[in-house]
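Asker: Please find the sequence and the predicted model below.
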Amino acid sequence: MKKTIVIFLYFALSFTSAQSLIKVDITRGNLDPLPIAISPLYVDSSSEKSDLFDINKLGIKISKIIEQNVKSTGLFNPLSKDAFVQKPDIAHLKPRFEDWRLIKAQALVTGKLLVKDNKLKVEFRLWDLTAAKEMLALSFTTTPANWRRVAHIISDKVYERLTGEGGYFDTRIIYVSETGPRDQRIKKLALMDQDGHNIKYLTLGNELVLTPRFNPTNQLVTYMSYFKNMPRVYLLDIETGIQEIVGNFPGMTFAPRFSPDGKKIIMSFAKDGNSDIYSMDIEARVVEQITKHPSIDTSPSYSPDGKYIAFNSDRSGLQQIYVMRSDGTGVKRITHGKGLYGTPVWSPRGDLIAFTKVRKGRFYIGVMRADGKGERLLTENFYQEAPSWSPNGRVLIFYRETKADKTGKGFSATLWSIDITGYNERRVETETDASDPSWSSLLSK
Amino acid sequence: MSRNLLFSFLFHASLIYITALTLPFMLREPVDLPPIVSVEFIEIKDKTSIPFAPKAREIIEKVKEEKKRVVSEQAPPTAKAKEKPDRIPMPEDKKEKKELKKKKQNPEEIKPQIRQASEFEKKELFDTNEIAALIDKAKEEQAKTQKKNDKLTQSNVKNSFAQALSLSEEDALRAQIFGCWSVPLGLPYDKDLLVRIKLKLKPDGTILKSEILDHARMNTPGQSFYKILAESALRAIRICQPLKVPPTGYERWKDLQLNFDPTEMLKG
């Protein structure tokens, strides 16, 4: 009996104490970039005299790339190295957290370089300075020429650990490089790292190339090219350089894009003034007609689960965006706003669709939910189009053209990126004029 | 037979006639209910408290006198006569007239607390200052009961009002943490993102101990975002410390629970 009373009293007391606990809800925070210190990577004493390459400068170079990458997101504020309070080698062992906190840093990246058997070993650590603990520690071994990629991979890991979503730094962008006067443009396929380095030209510029698109699973690219004045969809393997025509269509094919599993290409096929959407299995070469409508259906894009397709069509009179099941059934119009809507691209996250909108002679890049609601226009300009998603679904890359005067001067085409919040609009530097960008998936998964 | 039929007809006709005449009188007009006004009871603390009745009365009297002076200086009494006849007298004007009457009848001024007013007069004397005085009186009474309660045992003091932080205290704490919390923007906004952290505080607001209540979720596969969110919340608390807690009543807030939920922010 006594026991029961004691238990009862215990529960009664614990209940009252639980009730009396003061609770405060925190539903807002600040959106200021997170202050982060990126210490130069130090060279291990055993490798200092290595004559393989200029290893002593490499540590600073890698830390600078990480710094540029995280800064470009708009979510981080890399602190000036002049304010750093500890030598890189000592900080890498164990930072003096209280000293780093003095310069208002919340996170710290440290690292070490080592050369062993002609291979470069890069080690890094990410520290939580407020909690005074290590958050992440990884090392990579690679050929020395690959040091830029290592810097990008470290940036991805840091970004992922601090923001909760995948990074997009170890990626490449394929685009159409443009040179020459406006009426005699030479267009080549070009490939570069997402930060604009390591540019490679994949075609010679003899034929016009348009709308290159990356395969989301590997290094295949599909694009449209004019061969004997007939636009056709091609497939190109970046690694081997082999290219081939996709399908044997009697008319012109355009606006190709891969399915999320990379096994199919979906595109438009035009014949007698009517264009419909077709898909083709890359391996089996089986072609399937998806839409059958007397209107112009084009720019198809799969949802990341492959169950739906977004496309634009003028079946209602004006060009609008529609969504249907991947077999072509259940077509539903999702845009009802004023103006023309085109080039829908489904986000890799699946929640948003990016599009181009034309209204009153101005071009907008925007995003909306997959049901067409919650439309947000991110940027407005004289001419801009072809948005492409970063693999984490946070950033869009697109191109912008400027108005030419009567003589054709003043025309330019440039690449730009913008965050889905509409902030952090940035020019993506390229050697030449550039258009039609497409973002690859992460190279290292 | 036909006679009976006639009687029946007349009888029913008269019944219908009477009903038609009397029923509309029974109709009542729908009651015009005033809209419901919700009232939230909050505890007014020292910082936000209204001064006690005697003090308030002094202030009110001062303000009144000042107003009178201003009126006499700027507007001569003749100006009142020129006013439009349809002008609705303001409560302030009524009060002035009443005071004049009072002076005629009784030269000695009766203190408003003692004076007995009839129901009619009460209606006439409706004044916002009166309400303020009533609130003050209630406050006085509350203070008295509080003193009595203080004499009782501590367990009796524990009630929901005594335990909660006042709105201003809670707002100060919240605003402080808002500034320190860098929300990880990549989190999936359609998931359950609530992180509950229980704190044990020192009297100066520094943290003695912090504990994540759903700690097991930190290492659950597929919930990696939760770990990132919890870490960011812990960072915010550490950066913010010492927390802006009330200078008194340590027993009340030495254990504190903070619920971090960025869903609204992430949805934008």
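Answerer: On my side now, so go ahead.

Asker: switch to C-alpha atoms for all contacts and neighbour counts from now on
Answerer: Fine.

Asker: Near chain A, which residues of the stretch 101-250 of chain B are found?
Answerer: Within the stretch 101-250 of chain B, the residues that sit near chain A (C-alpha under 8 Å from any C-alpha of the partner chain) are B:158-160, B:163-165, B:170, B:174, B:177-187, B:224-225, B:228-229, B:234-235, B:238-239.

Asker: Can you turn the buried part of the residues you listed into a PyMOL selection?
Answerer: Applying 16 or more other C-alpha atoms under 10 Å in any protein chain shown to these, the buried members can be selected in PyMOL as follows:
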select buried, chain B and resi 163+164+165+170+174+177+178+179+180+181+182+183+184+185+186+187+224+225+228+229+234+235+238+239
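
Asker: So which bits of stretch A:326-339 are buried?
Answerer: Within stretch A:326-339, the residues that qualify as buried by neighbour count (16+ other C-alpha under 10 Å) are A:326, A:328, A:331, A:333-335, A:339.

Asker: Quick one: those as JSON lines, columns for distance to B:Pro262 too.
Answerer: Output for the buried residues of stretch A:326-339, formatted as JSON lines (distance: C-alpha to C-alpha, whole Å):
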{"residue": "A:Ser326", "distance to B:Pro262": "35"}
{"residue": "A:Gly328", "distance to B:Pro262": "39"}
{"residue": "A:Val331", "distance to B:Pro262": "36"}
{"residue": "A:Arg333", "distance to B:Pro262": "33"}
{"residue": "A:Ile334", "distance to B:Pro262": "29"}
{"residue": "A:Thr335", "distance to B:Pro262": "30"}
{"residue": "A:Gly339", "distance to B:Pro262": "35"}
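
Asker: Could you point out which of these is nearest to A:Ile365?
Answerer: Proximity of the buried residues of stretch A:326-339 to A:Ile365 (C-alpha to C-alpha) peaks at A:Gly339, which lies at 12.7 Å.

Asker: would you list the buried residues of stretch A:326-339 in a markdown table and tack on secondary structure, distance to B:Val195 and pLDDT?
Answerer: Output for the buried residues of stretch A:326-339, formatted as a markdown table (DSSP: H, G, I helix; E, B strand; the rest coil; distance: C-alpha to C-alpha, whole Å; pLDDT from 0 to 100):
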| residue | secondary structure | distance to B:Val195 | pLDDT |
| --- | --- | --- | --- |
| A:Ser326 | coil | 39 | 93 |
| A:Gly328 | coil | 43 | 92 |
| A:Val331 | coil | 41 | 94 |
| A:Arg333 | strand | 39 | 95 |
| A:Ile334 | coil | 36 | 95 |
| A:Thr335 | coil | 37 | 94 |
| A:Gly339 | coil | 43 | 92 |
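
Asker: near chain B, which of those show up?
Answerer: Among the buried residues of stretch A:326-339, no residue lies close to chain B (C-alpha under 8 Å from any C-alpha).

Asker: quick one: the helices in the stretch 101-250 of chain B?
Answerer: Using DSSP state H, counting those that start in this stretch, the helices of the stretch 101-250 of chain B run over B:119-124, B:128-151, B:154-157, B:160-163, B:167-180, B:224-240, B:250-253.

Asker: what number of residues lie near A:Gln184?
Answerer: Neighbour count for A:Gln184, taken as other C-alpha atoms under 10 Å in any protein chain shown: 9.

Asker: for A:Thr211, same thing?
Answerer: Other residues near A:Thr211 come to 22 when the count uses other C-alpha under 10 Å.

Asker: Can you tell me how far it is from chain B?
Answerer: Per C-alpha to the nearest C-alpha, to the nearest Å, A:Thr211 is found 29 Å from chain B.

Asker: what do you get for A:Ser316?
Answerer: For A:Ser316, the distance to chain B - C-alpha to the nearest C-alpha - is 32 Å.

Asker: Next, that residue: secondary structure please.
Answerer: coil (DSSP: H, G, I helix; E, B strand; the rest coil).

Asker: Could you measure from it over to B:Tyr189?
Answerer: Per C-alpha to C-alpha, to the nearest Å, A:Ser316 is found 34 Å from B:Tyr189.

Asker: quick one: which of these two has more around it?
Answerer: A count of neighbours by other C-alpha under 10 Å puts B:Tyr189 above the other of A:Ser316 and B:Tyr189, at 15 against 9.

Asker: Please tell me I have it right and that one contacts B:Leu229.
Answerer: No - contact criterion C-alpha atoms under 8 Å: B:Tyr189 and B:Leu229 do not qualify, at 11.6 Å.

Asker: Show residues contacting stretch A:129-143.
Answerer: Identification of contacts with stretch A:129-143 by C-alpha atoms under 8 Å, 6 or more residues apart in numbering or on different chains yields A:97-98, A:100-101, A:105-108, A:118-128, A:150, A:161, B:234-235, B:238-239.

Asker: Run the chain-centre distance for it.
Answerer: Distance, stretch centre to chain centre, for stretch A:129-143: 24 Å (C-alpha atoms, centre = their mean, to the nearest Å).

Asker: Mind listing what's buried along that stretch?
Answerer: For stretch A:129-143, the neighbour count (16+ other C-alpha under 10 Å) marks A:129-132, A:134-135, A:141 as buried.

Asker: Tell me the residue of the stretch 201-350 of chain A that sits nearest chain B?
Answerer: A:Arg349 (9.6 Å; C-alpha to the nearest C-alpha).

Asker: Apart from its neighbours in sequence, what residue is nearest that residue?
Answerer: Nearest non-adjacent residue to A:Arg349, counting by C-alpha to C-alpha, 6 or more residues apart in numbering or on different chains: A:Gly393, 5.7 Å away.

Asker: how many neighbours does the one you found have?
Answerer: 22.

Asker: And it, how far from A:Val345?
Answerer: 11 Å.

Asker: can you check A:Val122 too?
Answerer: In this view, A:Val122 and A:Val345 are 37 Å apart by C-alpha to C-alpha.

Asker: again with A:Ile153
Answerer: Distance, A:Ile153 to A:Val345, by C-alpha to C-alpha: 26 Å.

Asker: Just the element for the nearest residue to A:Tyr302 once chain neighbours are set aside, please.
Answerer: Once flanking residues are discounted, A:Tyr302 sits nearest to A:Ile309: 4.4 Å by C-alpha to C-alpha, 6+ apart. For A:Ile309, the host element (DSSP states H and E) is strand A:308-313.

Asker: could you say what helices and strands that strand packs with?
Answerer: Applying 3 or more C-alpha pairs under 8 Å, 6 or more residues apart in numbering or on different chains; DSSP states H and E, one finds that strand A:308-313 contacts strand A:297-302, strand A:320-325, strand A:340-346.
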